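Trainee: sequence? don't have it. structure:
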């Protein structure tokens with residue numbers, strides 16, 4: 001499935017904002033800024049900030065303010081990838097088709113680059129041109145999604161602890177909903193919170209984001225089996241090699257495809273209340289579960 005036509009326009013807007021928010025390579029200490037920029041601008045579809053933008057656009061055509069939480073989440077996502085790739089975690093040499101940060105700059109600089117991006121994320125939310133109440137709501141939402149209780153870090157810990165062990169479907173669901181879906185959910189709810197959407201709409205979009213993020217990770221598991229390293233931009237087959245807990249390993253490929261499709265349908269149904277206003281957000285969601293890379 002191809003990216004929707006508006007996606008490139010959004011991606012360019014996100015990249016321009018990331019450029020404004022990030023320190024220049026020449027800023028001291030230049031070594032850390034070079035490493036941060038290398039990882040942020042190494043590629044990537046900018047799915048999370050685009051979800052943030054398009055969620056905001058359901059309620060307001062001018063969604064420029066949502067670039068701030070969107071970019072903050074991209075910084076958090078990139079920091080998590082830098083740390084994931086380290087030898088102590090998943091030990092990978094390739095990310096977005098390029099050498100991983102620690103392969104390019106060394107482990108110490110990579111660790112600090114990840115730390116710096118996480119810190120920059122919250123500085124970015126604090127700079128969003130919205131009311132203090134909305135900034136606080138976004139910080140709460142995003143920090144929770146990136147943390148340990150049903151959040152990204154908690155999911156990563158459970159994922160590491162499950163390697164090479166039999167796993168119950170309930171724990172597999174917990175890992176996927178925490179490790180990946182939580183930050184995708186926060187991307188969408190932060191867009192709604194940034195624009196001041198009513199509480200009932202924030203909750204509806206939270207359900208949408210949780211489910212579509214879960215479907216996204218199931219699809220990621222499938223692609224690790226079905227696609228090449230060249231197509232994925234990262235090492236294919238790594239899940240099997242590391243005996244990771246994945247949907248194909250528990251349910252098989254055919255059932256995993258069915259699960260991803262069922263989750264996508266359930267999540268996208270949450271957008272029915274918005275009609276045509278959610279067409280762009282719906283298109284991004286459909287791409288997430290039909291993509292091949």
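Mentor: Right, received. Where do you want to start? In this text the structure is predicted, and so the values were computed from the model without any measurement. Numbering: from 1, shown residues only.
Trainee: which elements pack onto the helix or strand hosting residue 255?
Mentor: Secondary structure assignment for residue 255, by DSSP states H and E: helix 253-269. Contacts defined by 3 or more Cβ pairs under 8 Å, 6 or more residues apart in numbering; DSSP states H and E place helix 253-269 against helix 199-226, helix 247-251, helix 279-290. C-betas here are computed from N, CA, C, even on glycine.
Trainee: out of those, nearest to residue 15?
Mentor: helix 279-290 (16.7 Å; Cβ to Cβ).
Trainee: who's in contact with that closest one?
Mentor: 1, 3-4, 6-7, 47, 50-51, 54-55, 57-58, 188, 208, 212, 215-216, 218-219, 260-261, 263-264, 267-268, 271 (Cβ atoms under 8 Å, 6 or more residues apart in numbering).
Trainee: measure residue 192 to residue 23 for me?
Mentor: 30 Å (Cβ to Cβ, to the nearest Å).
Trainee: more neighbours, the two?
Mentor: residue 192 (27 against 16; other Cβ atoms under 10 Å).
Trainee: state the distance from that one to residue 142.
Mentor: From residue 192 to residue 142 the distance is 13 Å (Cβ to Cβ).
Trainee: ok, now residue 25?
Mentor: Distance from residue 25 to residue 142, by Cβ to Cβ: 27 Å.
Trainee: by mean pLDDT, point me to the weakest helix or strand of the protein.
Mentor: helix 229-232 (a mean of 55; mean pLDDT, DSSP states H and E).
Trainee: hmm, what's the outermost residue in the protein?
Mentor: residue 28 (28.9 Å; Cα atoms, centre = their mean).
Trainee: that residue belongs to a strand?
Mentor: No: assignment of residue 28 by DSSP: H, G, I helix; E, B strand; the rest coil gives coil, placing it outside any strand.
Trainee: quick check on it: phi, psi?
Mentor: phi -80, psi 140 (degrees, to the nearest 10).
Trainee: what's the spacing between it and residue 34?
Mentor: The value you get for residue 28 to residue 34, if Cβ to Cβ is used, is 11 Å.
Trainee: ok, now residue 107?
Mentor: In terms of Cβ to Cβ, residue 107 sits 16 Å off from residue 34.
Trainee: same question, residue 93
Mentor: 19 Å.
Trainee: also residue 97?
Mentor: Residue 97 is 19 Å from residue 34, by Cβ to Cβ.
Trainee: so which other helices or strands are in contact with the strand or helix carrying residue 112?
Mentor: Taking DSSP H and E as the definition, residue 112 sits inside helix 107-126. Contact partners of helix 107-126 among helices and strands, from 3+ Cβ pairs under 8 Å, 6+ apart: helix 30-40, helix 67-84, helix 101-105, helix 132-146.
Trainee: can you say which of these is packed in most?
Mentor: helix 67-84 (a mean of 26; mean count of other Cβ atoms under 10 Å).
Trainee: tell me which strands and helices that one is in contact with?
Mentor: Helix 67-84 packs on helix 6-21, helix 30-40, helix 47-57, helix 107-126, helix 132-146, helix 152-162, helix 182-195, going by 3+ Cβ pairs under 8 Å, 6+ apart.
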